[in-house]
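Trainee: quick one: sequence plus predicted model below, questions after.
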Amino acid sequence: LFLPPGCKAPRGGPMRGAMRPALLLAAAMGVASAALTATREAYPQIIAHRGACNYVPEHSLAAYRLAMDLGTDYIEPDLVLTSDGVFVAMHDLLLDQTTDVADHPEFADKKTTKVVSGVSWTGFFASDFTLAEIRTLRLRQRLSDTRTKLYDDLLQIPTFEEIAGLVHTWYANTSRLVGMYPELKHPSYHHDLGFDMEDMLLSSLRTLGFLTTNAPNDLSHVVPVVVQCFNASALRYLRPLTDLPLVMLLAGDVEVAMSEEALDDYATFANALGPPVEFFTNQTGGNLTAARQLVHAAHSRSLSLHPWQIRLEPRYVDPPFHGDARLWTSYLYCCVGLDGLFTEAPDLNREVVDGMTGNWSEQCYTACPQVLAAGEEDDDGRHRHHGGGSSTTKMFLAALAAAALVIAGLCVASNELQRRRTIELRELPEDDIMSTVTDEDAARVPLARSGT
């Protein structure tokens, strides 16, 4: 189902054609296979969370462009508004964690404290800066303790218009659709500033050439635009105004957020749900049967599931998977049967998804029989699997890991090469930095999944 960590087929090489990863695995295990690779719309989908931010600072054009190059289906810009009403990509209302704003003495007086949704925040709010002022800032890596800082202080915060232009240019050059998956950040906060954020988004999309009525909204395929938000009121407002697919983002406790009553409510205005991945692992006690029941409950209401998010660092990987992000990703796609995943390393998700052939859901479900046993009850009526993992689940995970090792020898040379590759950064204008990130020469993109 997957290649070992760090082993990536060269673009355009033999492993991208007839010898798909799944066929390599079959050949290595002595199993003949005549399966044909289905179109990518038949597979679960890949949403690049803030771009390929495992390698490049989040929400930069470089991060989005690299995600496209690595095979994502969607790029995900979080949207906030500047003081002059321009959408820019920023996860936080504050600029502090991901920019060099603190190094700009001319902005020192903009540091302030505000209460947002009942929480006191102190820092530099993007909404207090004009677009011209935002342009003077440079992005930095959020998780700098584990990810490369080579791009720090080189890349700008992009506007939504620039991101849309990137998507249009990509399609014009490749004929491959990569959708935009914007998130409206804190609509109520922006309402208080006088911005009708929802209406502004629809207006911007129309200006940028995207349909907002009669828009493609079948999420079993990649569509041009998907809109997401944690604020149910914002999505309820949008529902009668647009046919765009709407995604209700979730957090908190799974029993509350995905109760029968809550799911019935979401189905009145949303096309999909975006819960945390922990809903299907830690918060269901690692019980696969319980996780699949959640999927069935959503699907029975025509709600797709796009959980957030896959990160490579072991500290973010759910405990049963012992720090192995590939194993975690394979489990969520194959065993749980999710419709898509947000990821900060879209190349890893692409490798897993490219290993699925034909009827992927049927093949993956039959690959997980031992995990299903984890949902059975002992004679005393208690579930066998909680927290650390049942013996059957551990056996299954060990089997998946062993399968990866079987084909590890097929790409040792490539693996070693990728560990040594890095990016040569020079004092270049940002356009040249972008070219460096997206160059077809694999040695000039950050293939190694590390902070070096």
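Mentor: Thanks, I have it. Predicted, not measured: the structure shown is a model, and the values here were computed from it. Numbering: from 1, shown residues only.

Trainee: stretch 215-225: which residues count as buried?
Mentor: 215-217, 219, 222-225 (16 or more other Cβ atoms under 10 Å). Where you see a C-beta, it was placed from the backbone N, CA and C, and this is true even at glycine.

Trainee: pick out the most distant pair among those.
Mentor: Ala215 and Val222 (13.2 Å; Cβ to Cβ).

Trainee: tell me the one among the buried residues of stretch 215-225 nearest to Thr113.
Mentor: Val225 (35.2 Å).

Trainee: the closest residue to Ala270 other than its chain neighbours: neighbour count?
Mentor: Using Cβ to Cβ, 6 or more residues apart in numbering and skipping the chain neighbours, the partner closest in space to Ala270 is Met248 (4.2 Å). Using other Cβ atoms under 10 Å, Met248 is surrounded by 25 other residues.

Trainee: same question, Tyr333
Mentor: Neighbours of Tyr333 (other Cβ under 10 Å): 27.

Trainee: pLDDT on stretch 284-298, on average?
Mentor: When pLDDT is averaged along stretch 284-298, the result is 89.

Trainee: correction: stretch 131-139
Mentor: 98.

Trainee: start at 39, not 1
Mentor: Sure, I'll start numbering at 39, so the last one becomes stretch 169-177.

Trainee: how far does it stretch from start to finish?
Mentor: 15 Å (Cα to Cα, to the nearest Å).

Trainee: can you check stretch 243-251 too?
Mentor: End residues of stretch 243-251 are separated by 11 Å (Cα to Cα).

Trainee: what sits up against it?
Mentor: By Cβ atoms under 8 Å, 6 or more residues apart in numbering, the residues outside stretch 243-251 that reach it are 198-199, 202, 206, 240, 262-263, 279-282.

Trainee: from these, which would you call buried?
Mentor: 198, 202, 240, 262-263, 280, 282.

Trainee: doesn't Val153 fall inside a strand?
Mentor: Yes - counting by DSSP: H, G, I helix; E, B strand; the rest coil, one finds Val153 located in a strand.

Trainee: so what's it up against?
Mentor: Here Val153 is in contact with Trp159 (criterion: Cβ under 8 Å, 6+ apart).

Trainee: now it: how far from Cys91?
Mentor: 29 Å (Cβ to Cβ, to the nearest Å).

Trainee: ditto for Asp141
Mentor: Taking Cβ to Cβ, one finds Asp141 at 21 Å from Cys91.

Trainee: for Pro283, same thing?
Mentor: In terms of Cβ to Cβ, Pro283 sits 23 Å off from Cys91.

Trainee: the more surrounded of Asp141 and Cys91?
Mentor: Comparing Asp141 with Cys91 by other Cβ under 10 Å, the one with more neighbours is Cys91, at 29 against 11.

Trainee: returning to that earlier point: how about the residue nearest to Ala308, phi and psi?
Mentor: The phi and psi values for Met286, taken as degrees, to the nearest 10, are phi -90, psi 110.

Trainee: also the one 5 residues further on?
Mentor: Listed backbone geometry of Asp291 is phi -100, psi 130, with angles given as degrees, to the nearest 10.

Trainee: the closest residue to it other than its chain neighbours: what secondary structure?
Mentor: Among residues not flanking Asp291 along the chain, Gln321 sits closest, at 7.3 Å (Cβ to Cβ, 6+ apart). Three-state assignment for Gln321 (three-state DSSP): helix.

Trainee: Gln321 is in contact with Ala289, isn't it?
Mentor: No - contact criterion Cβ atoms under 8 Å: Gln321 and Ala289 do not qualify, at 11.2 Å.

Trainee: looking at these two, which one has more neighbours?
Mentor: Gln321 (21 against 12).

Trainee: and the gap between that one and Phe307?
Mentor: Taking Cβ to Cβ, one finds Gln321 at 24 Å from Phe307.

Trainee: would you state the helices of the stretch 239-388 of the chain in chain order?
Mentor: Assignment of helices within the stretch 239-388 of the chain using DSSP state H, counting those that start in this stretch yields the ranges 270-276, 292-295, 298-304, 326-337, 363-368, 384-392.

Trainee: follow-up on the earlier one: and the residue nearest to Ala308, bridged to which residues?
Mentor: Met286 forms beta bridges with Cys267, Leu311, as assigned by DSSP bridges.

Trainee: which residues does it contact?
Mentor: 266-268, 270, 273, 304, 307-308, 310-312.

Trainee: give me the number of residues near Ser158?
Mentor: The burial count for Ser158: 8, using other Cβ under 10 Å.

Trainee: apologies, that question was intended for Asn252.
Mentor: 8.

Trainee: which residue sits closest to it, ignoring its sequence neighbours?
Mentor: Using Cβ to Cβ, 6+ apart, the closest residue to Asn252 is Asp281 (5.9 Å).

Trainee: backbone dihedrals for the one you found, please?
Mentor: Dihedral angles (degrees, to the nearest 10) for Asp281: phi -100, psi 0.

Trainee: and the pLDDT at it?
Mentor: Taking Asp281 on its own, its pLDDT is 97.
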